[in-house]
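[1] show me the folded form of this:
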Amino acid sequence: MPKTITGNNTAPTWIKGELRLADMLDSRMIGLLSAIDQSGSINQAAKQVGLSYKGAWQIIERANNGAPKTLVMTATGGSKGGGTCLTEAGRSLLALFNDLEQQHRQFLEQLNRNIADDPDTVLLLQRLVVKTSARNQLFGVIMEIHAGAVNAEIIVKLKGGEQVITTVSLTSLSDLGLRVGDDALLLINSADITLVIDSDHNRFSARNRLRCNVIRVQQDEVNAEVIVLLPGGEILISMLTQQSAQSLELAPGMPAWAMFKTNAPVLGVMSSLRHPG
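    Numbers count the residues shown, from 1 in each chain. A predicted model of the protein is given here:
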């Protein structure tokens, strides 16, 4: 059955960053100081922020040694059993960091909103972060949609001008809301791609035929992995038997055709990739 994928509609956070002051004061140290201020105990504060007792002490020592004024005061023993607290300087620093962190968060939110309002930038970033186990990923634009009795034929134009035909069920066509002009992602298994030399490509019935040049051939005891370059700059990987690769006499720089059937590509669309209008 034809396969499709769809992206998450949740708006991603493109820009992330942690506030760090004086190359020392970060959210982990502030979290510990805040926990100490609430609990009055290094042991409890360490557990609260997921640190060991020794690790918490090391952070406190580094904070006190690096600051012009003592930030954390500790007392041991005595009639009241000792304890730990922030000094006035420590509380002032905690308040300053929390205020700066709020401004920092608002700044990042504004940057991410600016990116979200620029569809070309979103498209570029979406393509950079696609993660999949499929070795072959081709990006393009849906140029034509032809609905039949059972399936729909989708024609996707790659950035180099080549066209790839893929089929999806009418249900998938409806569920995905596919439209001409949508940006699309094609995932193709390397074992589904057949490589043929120039003189033989008309002997095959596969409707997808992409002219390419061999870049590299990597062989093991059983298979040969052939990496080819399409005119638009995309890379495809084909997995052939060692015997097939040897019979074709594939070598770097050699022209060839990458061929696959219309049911081989998995069509992916992400609503956040769609251009407005």
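[2] tell me the SS of residue 256?
    Secondary structure assignment for residue 256 (DSSP: H, G, I helix; E, B strand; the rest coil): strand.
[3] contacts only, for it.
    Counting by C-beta atoms under 8 Å, 6 or more residues apart in numbering, residue 256 touches 195, 196, 197, 198, 211, 212, 213, 214, 228, 248, 250. C-betas here are computed from N, CA, C, even on glycine.
[4] looking at those residues, which are in helices?
    Mapping the contacts of residue 256 onto helices (DSSP state H) picks out residue 248.
[5] for the contacts of residue 256, which PyMOL command selects only the ones that are buried?
    Of these, the buried ones go into a single PyMOL selection, burial set by 16 or more other C-beta atoms under 10 Å:
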select buried, resi 195+196+212+214+228+248+250
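[6] closest to residue 145 out of the contacts of residue 256?
    Using C-beta to C-beta, residue 211 comes nearest to residue 145 of these, at 24.8 Å.
[7] and the pLDDT for the closest one?
    Here the pLDDT value assigned to residue 211 is 92.
[8] quick check: it touching residue 257?
    Yes - Residue 211 is in contact with residue 257 according to C-beta atoms under 8 Å; the separation is 6.0 Å.
[9] tell me where the longest helix sits in this protein.
    Under DSSP H, the chain gives helix 88-116 as its longest helix.
[10] do you know the pLDDT at residue 18?
    What the model reports as pLDDT for residue 18 is 77.
[11] correct me, but it touches residue 25?
    No - with contact defined as C-beta under 8 Å, residue 18 does not reach residue 25; the gap is 11.0 Å.
[12] identify all contacting residues around stretch 91-103.
    Contact with stretch 91-103 is made by 19, 21, 25, 27, 30, 33, 34, 37, 67, 71, 86, as judged by C-beta under 8 Å, 6+ apart.
[13] report the buried members of the residues you listed.
    Those of the contacts of stretch 91-103 that meet the buried threshold are 19, 25, 30, 33, 34, 37, 67, 71, 86, by 16+ other C-beta under 10 Å.
[14] which among these gets closest to residue 47?
    The shortest approach to residue 47 among the buried ones among the contacts of stretch 91-103 belongs to residue 34, at 13.9 Å (C-beta to C-beta).
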